[in-house]
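Q: predicted model, plus sequence, below.
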Amino acid sequence: MADLVSDPSDPRLTHGTDDAPAPQADAYLVLPEAERRKGFVRPLRKSYKHTTGRACGTVTTMSDDLAETYARDPHFYGATYCTGCRMHLPVNEFQWDADAEVVGS
């Protein structure tokens, strides 16, 4: 499991999408706990499915801190990891598994 950090200058963070399969990053940025505790603007959802673009159909499940970051700020991430493709891809290629809403919308 990757480390979760709230420091955007952490050198282990990666940015953007991948051009070829790659392992998950060593660290992922999340909103600080105090910010996440202010409440969510979207439902808390933990799993998303790769449905467009390269669309492998795989469901990926994330940790609570990542899910809470998406729920607090749906536009926080521009890319997310697909465990099937083993790549970071644009969030608009995924739908939330619970309700099929596009991730990041």
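A: Yep, that arrived. Numbers count the residues shown, from 1 in each chain.
Q: show me the beta-bridge partners of the residue sitting nearest the centre point of the chain.
A: What sits nearest the mean C-alpha location of the chain, by C-alpha atoms, centre = their mean, is T80, with 4.1 Å. The partner list for T80 in beta bridges (DSSP bridges) reads L89.
Q: 302 is where my numbering starts, stick with that
A: I'll keep to 302 as the first residue from here, and by that count the last item is T381.
Q: setting aside sequence neighbours, what's the nearest residue to S348?
A: Leaving aside its sequence neighbours, S348 sits nearest to D398 (C-beta to C-beta, 6 or more residues apart in numbering; 4.0 Å). The way it works is simple: take the backbone N, C-alpha and C, and place the C-beta from them, glycine included.
Q: A368 versus the one you found, what's the distance?
A: As for D398, its distance to A368 is 12 Å (criterion: C-beta to C-beta, to the nearest Å).
Q: circling back to that earlier point, state the pLDDT value of the residue nearest to S348.
A: With respect to pLDDT, D398 scores 94.
Q: wait, it sits on K350?
A: Yes: D398 is within contact range of K350, at 5.1 Å (criterion: C-beta atoms under 8 Å).
Q: what's the overlap in contacts for those two?
A: Taking C-beta atoms under 8 Å, 6 or more residues apart in numbering as the contact rule, D398 and K350 both touch V360.
Q: okay, the two: which has more neighbours?
A: Ranked by neighbour count (other C-beta atoms under 10 Å), D398 and K350 place K350 first, with 20 against 16.
Q: is that one bridged to anything, and to what?
A: V360, Q396.
Q: can you map out the strands along the chain?
A: 304-306, 328-330, 348-351, 360-362, 380-383, 388-391, 395-397 (DSSP state E).
Q: and the longest helix for the chain?
A: The longest helix of the chain (DSSP state H) is helix 365-373.
Q: hmm, who's touching it?
A: 305, 329, 331-332, 334, 336-337, 339-347, 377-378, 404-405.
Q: ditto for stretch 390-399
A: So stretch 390-399 is in contact with 318-319, 344, 346, 348-356, 360-361, 378-383, 402-406, going by C-beta under 8 Å, 6+ apart.
Q: give the buried residues for that stretch.
A: L390, P391, V392, N393, E394, F395, Q396, W397, D398 (16 or more other C-beta atoms under 10 Å).
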